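1. Sharing a model that was predicted from the sequence below.
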Amino acid sequence: MILTKADNYKKILIRFIFSLVLLFWIVGIISPCISNSLLQSSYPYQKLLYSNVCHQNTYKSFTCNNIPLLVCARCSGIYLGAFLISILVLISNIKLNVKTKYLIMFSLPMLIDVILLSLRFYNCNKMISAFTGFLFGSVVFIYILSGIENLLFTKKNNL
Amino acid sequence: MTFKKYLPTLVCGFGAAVLSIIPETKDLSCCLIVPGASTISILLDKKINHINETVIIKKALKFGLLTGLFSTLFITTFDILITFITKTNDLVKNLPQIEMIINQINIEPFFAYYLKQVKLSSREIQSTGFSLTYLAIILMNGFIINSIFGMIGGALGMNLANRKAREENTDL
């Protein structure tokens, strides 16, 4: 797949938009850590907004300034993984093409953690949840992005 | 004909809503319910309609968006029904904790007004089991968030549906 200069700029723009959206989302999650009155006073609104995507169990969430973050440790890991990998992909500007087997491989730790937790093999460990979520978030982001780029630019090149 | 075309999104949206109201499954699958439903709707559509052609982005996003919208409608319906019967919900349960946190900071006027409305809504729920403000809040939030997450799931579903064609030229 050889990209023209315009396609390359388009690819960078897509990656930049993804990173920006994820940054916006992450800032919302870690808003209890940021000493900004507007961000902090929007806590009740954000709590309801993020409740759509997470159970927000305080026992399973990281805390900052004695305030629980807006999503649980696993979700925090997923979003952080996706955000960090999006920055890495944006900076390196590499060609992405990830096979489904890698998606499964990197998702397995999270699946195993969820199964073992539900079978009560061990108590919830925030660090394990965050780490397995981090792996899942990173690989899902690359997988989706590579699919979109592949479809957008390969099709164009084949025409 | 059009209804049949989008039936997978309706079915998966309903499935996502059912999983979202069961506390145990919501606890375990968190943010993956709606994207998962969208992914399954794409794969289901491919399976039941015997489609062999490549799934395009436009279709994936449309399916994701519809699954997100249907799931929001069902989730809201279930939530309102359960709240009406039990006269309590997550908002009522979490409000004391939110108030405790908010008391530690100087709240901006707009959000002070918002918090006041939420408190009123919580009182209404405890007395009558229904609050129009609460309905408006969960519908609006649900439409925004579930649509976005649905579209993310749609993009994932598109990749999985196209994986054979895609992986022919894969290096990784």
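-> Received, thanks.
2. Do you know the pLDDT at the residue in chain B that chain A sits nearest to?
-> Closest residue of chain B to chain A, Cβ to the nearest Cβ: residue B:159 (3.4 Å). In this view, the C-beta of every residue, glycine as well, is placed from N, C-alpha and C. Predicted confidence (pLDDT) for residue B:159: 88.
3. hang on, it is in a helix, isn't it?
-> Yes. Looking at residue B:159 with DSSP: H, G, I helix; E, B strand; the rest coil, it is inside a helix.
4. and the gap between the nearest residue to it once chain neighbours are set aside and residue B:42?
-> Counting by Cβ to Cβ, 6 or more residues apart in numbering or on different chains, residue B:159 lies nearest to residue A:147, which is 3.4 Å off, once chain neighbours are set aside. With distances taken as Cβ to Cβ, to the nearest Å, residue A:147 is found 12 Å from residue B:42.
5. anything in contact with each of the two?
-> residue B:158 (Cβ atoms under 8 Å, 6 or more residues apart in numbering or on different chains).
6. re earlier: show me the residues around the residue of chain B closest to chain A that make contact.
-> Going by Cβ under 8 Å, 6+ apart, residue B:159 touches A:100, A:143-144, A:146-147, B:166.
7. Just the buried subset of those residues, please.
-> The neighbour count (16 or more other Cβ atoms under 10 Å in any protein chain shown) marks A:143-144, A:146-147, B:166 as buried among the contacts of residue B:159.
8. what does the model give residue 2 for pLDDT?
-> If you meant another chain, say so; for now it's chain A. Residue-level confidence at residue A:2 comes out at 68, pLDDT.
9. You answered for a different chain; I wanted chain B.
-> So, for residue B:2, pLDDT stands at 70.
10. Give me the neighbour count for it.
-> 6 (other Cβ atoms under 10 Å in any protein chain shown).
11. before we move on, the earlier item: between the buried ones among the contacts of residue B:159, which sits nearest residue A:91?
-> Lowest distance from residue A:91 to the buried ones among the contacts of residue B:159 (Cβ to Cβ) belongs to residue A:146, with 16.5 Å.
12. Perfect, I'm done here.
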